[in-house]
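# the sequence and its predicted three-dimensional model are supplied below.
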Amino acid sequence: MNLALVERLMACLVAVILTTSAHAIPLLRVSNGVFTLTLADGSASDADSRTGALAFGGQFGAIHIGRVTGTSAPILGSPTRQVMQLDLQDLTSGDLGGTLTFEYSITDLGPATDLFPQLQMQVATDGAVEYAVYADPGNTVFGRTMLLGSFNYPTGTFSESAQSLAGITDSSYSLTQVITVHHGAGTHTTSVGASVSGNTNVPTPGMPYLLGAGLLALGWARARRQDDAARNTLRPA
C-alpha cells in the first residue's frame, strides 16, 4: 500500500472522529411573550465572533438589552468539565416596564459523572429575577424534562452558589439555563451572571472507528517497511 495514501486516510479518520464527538452549536433564545429571537453560535445576528460564545444587544420590546452573552466550550471548561454561563448586562426599561425570558441551551453533552452539578448566580436588580437550570435526557434543545435548580430574586443584590436538586447520569443530554427578568412601571435596571458546571467523561470513539484506526496503522507500518526496502534497493553500493 502506498505510504502517502495511508497517511491521507489516517488524517481523514481522525477528522471524522473529532467531528463525531463535537458538541452541537449552542443556541440562545430571547422572548417577551410576543416576539421571539433565536440565535445560533456563529450566525449573522451573533455579536460575538468567538466560537463558543454568542451575544446580542439592543431594544427588545419595552426593555433595552445592553448585552446578553452565552459562553461555553471551548472558551470555558475542559474536555472533562462542562461549563456554560449566561450573562445579562444592563437591562434597562422606562415607564412601561415588561418581562423578558432568556434561554441558553447546549445539546450532545455527556456522559455525565457529576451527580449534582454546581450552580452559581450573581444578581443585581431593582425589578425581579427568576433563574432555573434544566437537563433533558432526550437531548432536546431547550428541553426542560429535569429541573436541576430554581431561584427567585426580588429587588436587591445577590450572590449564591448551590448544588443542583437532581443528578445527571445520562450518556447524552442537553442543558438549558433560563433567566426571566421582570420590570414594573418606572425606570429599572438588571444585570445577571449565572453558570452551571459539572464533570463529564472524555468522549470515546466507537468501536468501528477504533478498528479502522488499527487497520490503518498496520497498513501504515507495512507501507513504511516497503518504502524503506525500496530505498535500500535503489541505494548505490
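Everything's here; your move. Numbers count the residues shown, from 1 in each chain.
# pLDDT weak spots in this structure?
For the chain, the stretches with pLDDT under 70 are 1-23, 112-116, 169-170, 200-237.
# the strands in it, which residues?
Under the criterion DSSP state E, the chain contains strands at 27-31, 36-40, 53-60, 63-71, 81-93, 98-109, 118-125, 128-136, 146-153, 156-163, 173-183, 188-199.
# what about these, which gets the closest to Asp46?
strand 53-60 (4.6 Å; CB to CB). Where C-beta positions appear, they are placed from N, C-alpha and C, glycine not excepted.
# what helices and strands are in contact with that closest one?
strand 27-31, strand 36-40, strand 63-71 (3 or more CB pairs under 8 Å, 6 or more residues apart in numbering; DSSP states H and E).
# distance to Gly52 added to those strands, as a markdown table?
Below are the helices and strands packed on strand 53-60 laid out as a markdown table (distance: least, CB to CB, whole Å):
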| stretch | distance to Gly52 |
| --- | --- |
| strand 27-31 | 12 |
| strand 36-40 | 12 |
| strand 63-71 | 6 |
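# hmm, back to that, now distance to Asp46 too, for the strands of the chain, in a markdown table please.
Formatted as a markdown table, the strands of the chain follow (distance: least, CB to CB, whole Å):
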| stretch | distance to Asp46 |
| --- | --- |
| strand 27-31 | 9 |
| strand 36-40 | 6 |
| strand 53-60 | 5 |
| strand 63-71 | 10 |
| strand 81-93 | 15 |
| strand 98-109 | 13 |
| strand 118-125 | 24 |
| strand 128-136 | 23 |
| strand 146-153 | 26 |
| strand 156-163 | 29 |
| strand 173-183 | 17 |
| strand 188-199 | 20 |
